[in-house]
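> compute the structure for the input listed below.
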Amino acid sequence: MRKIILTVILITILVLTFLSNFILSDNPIPAETVKFDTGDTAWMIVATAFVLLMTPGLGFFYGGMVGKKNVISTMLQSFMAMVIVTILWVVIAFGLAFGPSIGGIIGNPTSNLFFQGVGTNTAWSLAPTIPFMLFALFQAKFAIITPALITGAFAERVRFWAYLLFMVLFILFIYSPLAHMTWHPKGIFFKMGVLDFAGGTVVHMSAGWAALAGAIFLGKRKVQKINPARITYVLLGTALLWFGWFGFNAGSALGANGLAVQALGTTTVAAAAAAMAWVFLDKILGHKLSALGACIGAVVGLVAITPAAGFVSIPHAIFIGAFAAIVSNLVVGKFPKGKIDDALDVFACHGVGGMVGMVLTGVFASKAINPAVGDNQGLIFGSTTLFTNQLIAMVIVSVFAFVGSYILFFIVNKITPLRVTEEKEELGLDISQHGEFL
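Take a look at the predicted model:
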């Protein structure tokens with residue numbers, strides 16, 4: 001059955017793309033109507049490449065943490081996100097996220113099927129200085145890394161084909177609605193005034209809650225205490241993530257401007273402050289200063305500053321990074337690992353880090369940093385509206401992402417088993433799923 005389905009998918013894509021000039025001719029790309037800024041365009045091309053680099057960086061980050069017999073499978077899960085989500089995004093998901101709004105919840109994809117109408121001569125309304133296609137490709141990289149983040153929770157025990165199916169459903173039914181609600185001008189969160197500069201809710205909270213749902217649904221590994229295969233991979237992966245995150249956050253300014261520089265600065269100091277706070281707290285709690293701890297701390301800081309990057313000052317970014325690292329470190333230490341096997345602490349790092357960043361954006365957002373904040377500034381400036389809206393959005397996103405993802409895991413498991421057998425888990429996913437090994 002799987003061979004038949006895959007054959008049908010391949011043939012369908014080949015036929016539709018071959019005949020695209022006939023099938024999609026009803027909505028041609030308009031003639032040039034805007035004058036683009038070459039500096040903004042150049043920067044956004046670079047930022048798009050930066051963000052794509054984060055996904056293989058994540059592969060190294062996760063691959064170094066798992067056991068030796070699961071390194072290839074874990075890294076391949078991230079790599080395949082680049083493959084599958086790229087095609088899915090072009091075919092339909094971009095339209096679901098950024099197409100004409102349906103009730104402020106989801107976009108109508110019919111206008112942008114196979115990037116129909118997404119060309120180099122028009123622009124997105126909130127990014128008027130760069131080509132529409134560049135904006136769409138930049139957003140594709142965010143969609144790519146989100147399901148890849150989830151994989152750390154069910155590492156070492158998930159069937160690869162089941163993961164691919166879940167990834168497709170997650171993009172269609174969880175990620176795309178959240179992106180639309182948060183970043184589309186007619187999205188319900190956007191109209192509420194909720195601030196998420198680069199994906200604290202859309203990317204990290206959704207991935208964190210989906211990871212928790214996956215860890216609960218799949219159950220525990222047979223052996224939870226695993227020696228990391230390659231700490232050097234984790235260090236390399238962290239470096240690539242930190243590097244790529246400059247495109248993630250500074251690129252979300254959608255231009256080569258002062259706001260991009262501000263986001264670059266806040267991202268830099270938040271990551272550094274978080275890594276410092278994590279290893280300091282480890283020492284205070286009686287643990288050794290570890291390379292693993294420093295890397296995880298840096299990533300938590302990057303996660304936490306993501307929603308706030310273009311809205312807060314440098315000192316407040318340091319606070320956000322350090323505070324998020326302390327909270328996540330304590331959650332990792334107290335997380336009921338004996339009951340819920342979130343293998344690589346995705347929820348404690350990305351879920352919790354995203355929520356901390358979301359809330360603290362409501363505390364520190366300043367119109368002096370970004371005029372788009374308006375009069376509803378952060379709590380520290382005397383306004384409560386933004387803080388309240390951030391809390392409301394956080395609760396809605398948490399419930400939606402957790403419950404929705406759990407339902408998707410249930411559906412996938414009915415179609416094809418999610419978890420490998422005990423024998424294959426014992427053998428290792430590299431051999432059992434891919435016939436390869438280190």
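
> from here on, contacts and neighbour counts on C-alpha atoms
Will do.

> how many neighbouring residues does T110 have?
Residues near T110, counting by other CA atoms under 10 Å, number 17.

> name the nearest residue to it, sequence neighbours excluded.
G95 (7.0 Å; CA to CA, 6 or more residues apart in numbering).

> got a list of what that neighbour touches?
Remark: with contacts taken as CA atoms under 8 Å, 6 or more residues apart in numbering, G95 is in contact with G107, N108, P109, T110, S111, N112, L113.

> lowest-scoring secondary structure element of this protein by mean pLDDT?
The weakest-scoring helix or strand in the chain, judged by mean pLDDT, DSSP states H and E, is helix 20-23 (a mean of 78).

> can you give me the strands in the stretch 201-350 of the chain?
Taking DSSP state E, counting those that start in this stretch as the test, none of the stretch 201-350 of the chain falls into strands.

> can you give me the buried ones in stretch 254-271?
Buried residues in stretch 254-271, counting neighbours by 16 or more other CA atoms under 10 Å, are found at 254-256, 259-271.

> contacts for the least confident helix or strand of the chain next, please.
Contacts of helix 20-23 (CA under 8 Å, 6+ apart): L16.

> what do you get for stretch 155-174?
66-67, 70, 74, 77, 81, 84-85, 88, 93, 96, 143, 147, 206, 218, 221, 343-344, 400-401, 404-405, 408-409, 412-413, 416-420, 425, 428-429, 433.

> and with 7 Å instead?
70, 74, 93, 147, 221, 343, 401, 404, 408-409, 412, 416-420, 425, 429, 433 (CA atoms under 7 Å, 6 or more residues apart in numbering).

> the least confident helix or strand of the chain: what's the following helix or strand?
Under the assignment DSSP states H and E, the closest C-terminal helix or strand after helix 20-23 is helix 38-63.

> that older thread, from the contacts of stretch 155-174, list just the buried residues.
Applying 16+ other CA under 10 Å to the contacts of stretch 155-174 flags 70, 74, 93, 147, 221, 343, 401, 404, 408-409, 412, 417-420, 425, 429, 433 as buried.

> please save the CA atoms from stretch 311-329 in CSV.
Output in CSV follows, covering the C-alpha atoms of stretch 311-329 (Å, rounded to 0.1, in the frame of the first residue of the first chain):
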residue,chain,number,x,y,z
PHE,A,311,10.8,44.9,20.3
VAL,A,312,13.2,45.1,23.3
SER,A,313,16.4,46.8,24.3
ILE,A,314,19.8,45.2,24.7
PRO,A,315,19.8,45.2,28.5
HIS,A,316,16.3,43.7,28.5
ALA,A,317,17.5,41.0,26.0
ILE,A,318,20.2,40.0,28.5
PHE,A,319,17.5,39.6,31.2
ILE,A,320,15.3,37.6,28.8
GLY,A,321,18.1,35.2,27.9
ALA,A,322,19.4,34.7,31.5
PHE,A,323,15.9,34.4,33.0
ALA,A,324,14.8,31.9,30.3
ALA,A,325,17.9,29.7,30.9
ILE,A,326,17.3,29.6,34.6
VAL,A,327,13.6,28.7,34.2
SER,A,328,14.4,26.0,31.5
ASN,A,329,17.2,24.6,33.5
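
> show me where the stretch 101-250 of the chain has helices.
132-150, 160-170, 176-183, 188-192, 206-218, 231-250 (DSSP state H, counting those that start in this stretch).

> relative to K334, which of the ones you listed is closest?
Among the helices of the stretch 101-250 of the chain, helix 206-218 comes nearest to K334, with 14.8 Å by CA to CA.

> pLDDT on the closest one, on average?
For helix 206-218, mean pLDDT rounds to 97.

> can you name every helix or strand that it contacts?
helix 132-150, helix 385-415 (3 or more CA pairs under 7 Å, 6 or more residues apart in numbering; DSSP states H and E).
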